[in-house]
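J.: Sequence and predicted model, in that order:
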Amino acid sequence: WGTFGSVGVAWNLHHEKWLAENPYVNELKIRGSWGTTGGQNFYPFQAMMMYSYKESAIDGLTYDDYIGALLKAFGNPDLKWQQTEKLNVGVDFTLLNSRLSGYFNIYKDVSKSVLIDVLLAPSVGFASYPENMGNLETKGVELNFSFIPYRNLDKDAYWVITVNGSHNEEKLKKISDALR
């Protein structure tokens, strides 16, 4: 198990006295958050070498009356949890009698001990084993705008035009010595 924390804060500017009476602003919120998450994208005992002494593949096979063992799992004793630190800052808004709305986000995620499956030669007897690759940084921006050019409340009819976009960058910041 692991312990992961987070904290977030938001400020509803439209509730402030200096903006509450503005006829054009229905909602304006600034927000930010920071937190960590963790993941173990592997089976619980995959970090350990596991053997079987009673298996149909070796049942009845002995060498000079000694019983053999069959390697069932190619473990990695250095395997760690993947941990991601996330930072997000954004603005949400609704304007012009709720006809224009949207949000804008800037974020940065730093993942440490990223888990991958390393491919092995077929002669090893296993297709792959889990390894902590290194550190990965992802950062980007997201935006979304919605506009309602036509709205008839009596007929419950409206037309919404939405535009959104994002830009992301990913960089490998550190690579594990096991993968060099």
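T.: Arrived safely, thanks for sending.
J.: Would you point out the helix or strand in this structure whose mean pLDDT is lowest?
T.: Least confident helix or strand of the chain, by mean pLDDT, DSSP states H and E, is strand 62-63 with a mean of 62.
J.: Below-threshold pLDDT in this structure: ranges please.
T.: 1, 40-44, 54-68 (pLDDT under 70).
J.: Please enumerate the strands of it.
T.: Using DSSP state E, the strands of the chain run over residues 6-12, 25-39, 50-52, 62-63, 66-67, 70-73, 82-95, 100-112, 115-119, 128-132, 134-152, 157-175.
J.: For those strands, give me JSON lines that also has distance to L19 and mean neighbour count.
T.: All C-beta spots, glycine's among them, are computed from the backbone N, C-alpha and C. Formatted as JSON lines, the strands of the chain follow (distance: least, CB to CB, whole Å; neighbours: other CB atoms under 10 Å):
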{"stretch": "strand 6-12", "distance to L19": "10", "mean neighbour count": "11"}
{"stretch": "strand 25-39", "distance to L19": "6", "mean neighbour count": "15"}
{"stretch": "strand 50-52", "distance to L19": "63", "mean neighbour count": "13"}
{"stretch": "strand 62-63", "distance to L19": "83", "mean neighbour count": "8"}
{"stretch": "strand 66-67", "distance to L19": "79", "mean neighbour count": "8"}
{"stretch": "strand 70-73", "distance to L19": "61", "mean neighbour count": "14"}
{"stretch": "strand 82-95", "distance to L19": "11", "mean neighbour count": "17"}
{"stretch": "strand 100-112", "distance to L19": "16", "mean neighbour count": "17"}
{"stretch": "strand 115-119", "distance to L19": "46", "mean neighbour count": "14"}
{"stretch": "strand 128-132", "distance to L19": "48", "mean neighbour count": "17"}
{"stretch": "strand 134-152", "distance to L19": "20", "mean neighbour count": "15"}
{"stretch": "strand 157-175", "distance to L19": "25", "mean neighbour count": "11"}
